[in-house]
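Student: With the input below, show me the fold.
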Amino acid sequence: MAAAIAACGGGGRDPLPGSIRQTLGQELGVAITSVHCGGAACTATTADGLAIPITVTPGEPPTWAAAEVIDPRVLAAEAVEVAATVGLTGPADCGPLRLAAQVDAPIECALPGGAAAFVTVAADGGLAVELAITAEIAAARRGPIDQAALDRASLALDTPDDQADDGDDDLDAGVVHGDAGRPGPGG
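Tutor: Now for the predicted structure:
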């Protein structure tokens with residue numbers, strides 16, 4: 001699995017903004033519309049309006065390093081791969097580049113038919129994908145979570161056997177019980 005976080009950097013030549021624009025645009029696969037520098041810092045702006053901070057190290061030639069960004073192409077590839085495991089096929093749209101430091105929730109990738117993949121990016125660049133395989137599930141996943149209602153629904157599913165551990169693991173072993181609690185046919 002490829003890392004979703006990319007740290008970009010390159011050697012700067014005169015003019016430094018031109019080098020940053022060309023190299024960063026190639027590495028990220030997006031158009032860099034402007035680069036503004038001042039002292040030991042520059043800001044590169046993408047066509048989507050993302051301002052990427054750049055740290056410049058003086059020298060001959062100066063070098064630079066961009067802030068970490070999350071590449072939506074990597075997220076889309078992972079979402080498509082995971083979706084295929086449950087029979088969903090087609091492209092994924094994970095939106096534009098994002099600064100890694102500004103992402104604190106899963107990133108939604110649109111899948112065909114209204115399905116969605118919610119991708120969590122770990123600090124080390126690892127990915128975890130949660131699928132919502134229908135439009136209805138995706139809509140519910142996007143909505144606010146009512147923890148009290150979720151707890152009530154969960155408790156309603158509990159049975160008396162679930163609430164006390166009596167050491168009876170027959171259900172876990174697949175044993176079917178008849179009305180009197182004795183093993184049924186085949187058990």
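
Student: Between the two ends of stretch 98-109, what distance do you get?
Tutor: 13 Å (CA to CA, to the nearest Å).

Student: which other residues reach that stretch?
Tutor: Outside stretch 98-109, the residues within contact range by CB atoms under 8 Å, 6 or more residues apart in numbering are 5, 50, 52, 67-70, 72, 75-76, 79, 92-95, 116-121, 130, 142. Backbone N, C-alpha and C define where each C-beta goes, glycine included.

Student: And those, which of them are buried?
Tutor: The neighbour-count test (16 or more other CB atoms under 10 Å) marks 5, 50, 52, 67-70, 72, 75-76, 79, 92, 94, 116-119, 121 as buried among these.

Student: Quick one: the strands in the protein, in order.
Tutor: 5-6, 9-11, 32-38, 41-46, 51-57, 63-66, 69-70, 98-99, 107-110, 116-121, 127-132 (DSSP state E).

Student: Select, out of the ones you listed, the one closest to Arg152.
Tutor: strand 127-132 (22.5 Å; CB to CB).

Student: Can you list the strands that that closest one pairs with?
Tutor: Using DSSP bridges, strand 127-132 pairs in its sheet with strand 116-121 (antiparallel).

Student: Return the distance of the strand it pairs with from the chain's centre.
Tutor: In terms of CA atoms, centre = their mean, to the nearest Å, the centre of strand 116-121 is set 4 Å apart from its chain centre.

Student: So what sits opposite the residue nearest in space to the middle of the chain in the bridge?
Tutor: Centroid-nearest residue in the chain, with CA atoms, centre = their mean: Val119, separated by 2.2 Å. Taking DSSP bridges as the rule, Val119 bridges to Ile107, Val129.

Student: Surely it is in contact with Val129?
Tutor: Yes: between Val119 and Val129 there is a contact under CB atoms under 8 Å: 5.4 Å.
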